[in-house]
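Participant: need the 3D shape of this:
(one chain, ligands or ions: 1)
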Amino acid sequence: MSAKETYDLVVIGCGAAGLSAAVSHAATARAAGRTARIAVLERATREGRGGATRWTSSWLRITGDRRLDPAFIPKMEKASNGMADLDYCRVLDRETKATLDFLEANGVELIFFQQPFANRNTGGGLGMPAKGGVGIVDGLAGVVEKTPGAEILYETEAVRLSLSDDGRVNGVIVRGRDGLLRTLAAPAVVIACGGFEGNKEMLTQYLGARACDLPVIAPTVKNNRGDGIRMAMEIGADTAGQFDMFHGEPVDVRSSKPDAVIYAYPFGIVVNAAARRFFDEGKDSFDSTFEELGFEIWKNQDQKAFFIGDQTTLGIANVEQIILSDQSPVQADTIAGLATQLGLDPAALEATVSAYNAAVGPGEFNPKIHDGKAAASLNPPKSNWAFPLTAPPYIAYPLTCAITFTFGGIRTDTQGRVVTPSGTPIPGLYGAGEVTGLYYHEYPAGTSVLRSATFGRLAGAHAAAMAG
Ligand SMILES: Cc1cc2nc3c(=O)[nH]c(=O)nc-3n(C[C@H](O)[C@H](O)[C@H](O)COP(=O)(O)OP(=O)(O)OC[C@H]3O[C@@H](n4cnc5c(N)ncnc54)[C@H](O)[C@@H]3O)c2cc1C
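Facilitator: Residues are numbered from 1 along each chain as shown. Purely as a prediction, here's the structure:
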């Protein structure tokens, strides 16, 4: 093996988690007077680097004083029926501010604001990188590229972990552009290569029938093929998170734009291919219900739904901020005309809209609060933001569910060390980001990038401290 192929740390994955691990490892080693040799592996080309992180807007579930939303931990406990690792969540809470500081110190500009339609009841303000997730990838990769001893190996896929005779992870076997296998030796490896959202075979294995119908929400998400989960499980790692659940979102089926999500559905109705409502569009603000709507469209509505609105919908101040499609809505002067364009039964859609309009209760429509203006007598009801659809031209967006990430992954301790079912850390092996399982039943939005960067940072620093 050539000297070039021996490292202090090999990181599998070039997203928020992997890059945070590499940057923090280098900094911790530097502080101890050492120059760490680090390889970050990326399956994609340089232009296509960054996995899911590259395409996310990267909303961060934080408060104005740069803390994790205080409702997050109770929400995780409740949503998971106590199954989520609350110690991990507490460390995320404790470390959030340090992670934001770390990102800013390493070339990632953050902005802080209140998204006008997001949930205020949680107390969570919102922040995000000024350039979105690509700002994290380019910022941190830029630091890695300038760090002596560190390099990013593009078009280099991790295939399996290398083990010493006594079970310590001592490197990664990779396949490069030439198709040949080689070993990158290192006393520490951080697995940070995402979930299995890009792997139809694994999706079918864990989600079941019709998983193949789920498009990925953005192109490079397809590179996340569950390799890290497989590699770690092969050597005895435990798992965590719900393997038959995923985070999906309702996207405009006509659009090929990444992340073409239609979040405006609370301000209209959503119907299925039979032109019937099937979901309480006003149950809560979009950031609390978009996953449930996406899942329902996939699981029970044959991957087809239609958001129906009118000119009142389009007249809501800033509503364009929650319609991320690059396609104009389908428009018609009548509901029957709209149905015809959508391929729906005109009489059925007219009946649904008439019943909905007749059920709208008293009160003043206010999109900025949970206004309680409901269509309560319907089944399902619409609990907030119910105004009659009577302002033509009527509009529609045809929807399908696109997969963002999977919930099931490998289990780590609170320092990012991958553990066996007995809780014993596997020497030399770390995991961070989406490859690690956490969520059950529901993903509290705005926490995935935060936990990826946080536990990547902690894992990289821990591995450097162990080397010292
Ligand atoms: C469109 C979209 C919107 C989102 N919105 C938000 C949001 O607003 N807020 C939020 O918190 N989260 C959001 N998410 C989720 C969030 O972006 C991800 O959960 C997070 O970025 C995951 O980071 P990661 O580093 O774990 O994985 P990734 O960023 O996916 O990185 C994984 C890396 O591993 C590489 N890789 C995979 N397998 C191998 C292999 N065998 N060998 C070498 N390399 C490999 C991939 O190419 C990639 O570089 C969104 C995701 C998407 C796609």
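
Participant: what comes up buried for stretch 9-24?
Facilitator: 9-24 (16 or more other Cβ atoms under 10 Å). Placement of C-beta: from N, CA and C, glycine included.

Participant: avg pLDDT for it?
Facilitator: Taken as a whole, stretch 9-24 has a mean pLDDT of 98.

Participant: neighbours of whatever residue of the stretch 301-450 of the chain ends up closest to the ligand, how many?
Facilitator: In the stretch 301-450 of the chain, the residue that lies nearest the ligand is G433 (2.2 Å; Cβ to the nearest ligand atom). Neighbour count of G433, defined by other Cβ atoms under 10 Å: 36.

Participant: is it true that it touches G194?
Facilitator: Yes. G433 lies in contact with G194 (Cβ atoms under 8 Å); the separation is 6.8 Å.

Participant: now do the shared contacts for the two.
Facilitator: The contact sets of G433 and G194 overlap at G13, G15 (Cβ atoms under 8 Å, 6 or more residues apart in numbering).

Participant: quick revisit: what about the closest residue in space to the residue of the stretch 301-450 of the chain closest to the ligand that isn't next to it in sequence, distance to the ligand?
Facilitator: Leaving aside its chain neighbours, G433 sits nearest to A17 (2.7 Å; criterion: Cβ to Cβ, 6 or more residues apart in numbering). For A17, the distance to the ligand (Cβ to the nearest ligand atom, to the nearest Å) stands at 3 Å.

Participant: just G149 next, same as before
Facilitator: 20 Å.

Participant: show the contacting residues for that residue.
Facilitator: Per Cβ under 8 Å, 6+ apart, neighbours of G149: D8, A26, T35, A36, R37, I38.

Participant: in ChimeraX, how would I select the buried members of those residues?
Facilitator: Selecting the buried subset of the contacts of G149 in ChimeraX, with 16+ other Cβ under 10 Å as the burial test, is done by:
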select :8,26,36,37,38
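
Participant: low pLDDT regions in the stretch 1-150 of the chain?
Facilitator: Residue ranges of the stretch 1-150 of the chain with pLDDT under 70: 1-4, 120-125.

Participant: who touches the closest residue to the ligand within it in this structure?
Facilitator: In the stretch 1-150 of the chain, no residue comes nearer to the ligand than G15, which is 2.1 Å away by Cβ to the nearest ligand atom. G15 is in contact with G50, G51, A52, T53, R54, V137, A192, G194, G433, E434, S452, counting by Cβ under 8 Å, 6+ apart.

Participant: correct me, but the last one touches A21?
Facilitator: No. Under the contact definition of Cβ under 8 Å, S452 does not touch A21, with a separation of 9.7 Å.

Participant: okay, and the common contacts of the two?
Facilitator: Going by Cβ under 8 Å, 6+ apart, residues that sit against S452 and also against A21 are A192, A432.

Participant: show me what the biggest strand by length in the chain is packed up against.
Facilitator: Secondary structure assigned by DSSP state E gives strand 394-406 as the longest strand of the chain. Counting contacts by 3 or more Cβ pairs under 8 Å, 6 or more residues apart in numbering; DSSP states H and E, strand 394-406 is packed against helix 200-207, strand 246-252, helix 286-300, strand 305-309, helix 311-314, strand 330-332, helix 335-342.

Participant: where's A158 relative to V169, distance?
Facilitator: 12 Å (Cβ to Cβ, to the nearest Å).

Participant: er, M466 actually
Facilitator: Using Cβ to Cβ, M466 is found at 12 Å from V169.

Participant: quick one: which of those two has more around it?
Facilitator: V169 (24 against 13).

Participant: tell me which helix or strand the nearest residue to the more buried one once chain neighbours are set aside sits in.
Facilitator: Sequence neighbours aside, G428 is the residue nearest to V169 in space, at 3.7 Å (criterion: Cβ to Cβ, 6+ apart). In this structure, G428 sits in strand 425-431 according to DSSP states H and E.

Participant: can you check S422 too?
Facilitator: Of the helices and strands defined by DSSP H and E, none includes S422.

Participant: which residues does the nearest residue to P427 once chain neighbours are set aside contact?
Facilitator: Leaving aside its chain neighbours, P427 sits nearest to R168 (4.2 Å; criterion: Cβ to Cβ, 6+ apart). Contact analysis of R168 by Cβ under 8 Å, 6+ apart lists P187, P427, G428.
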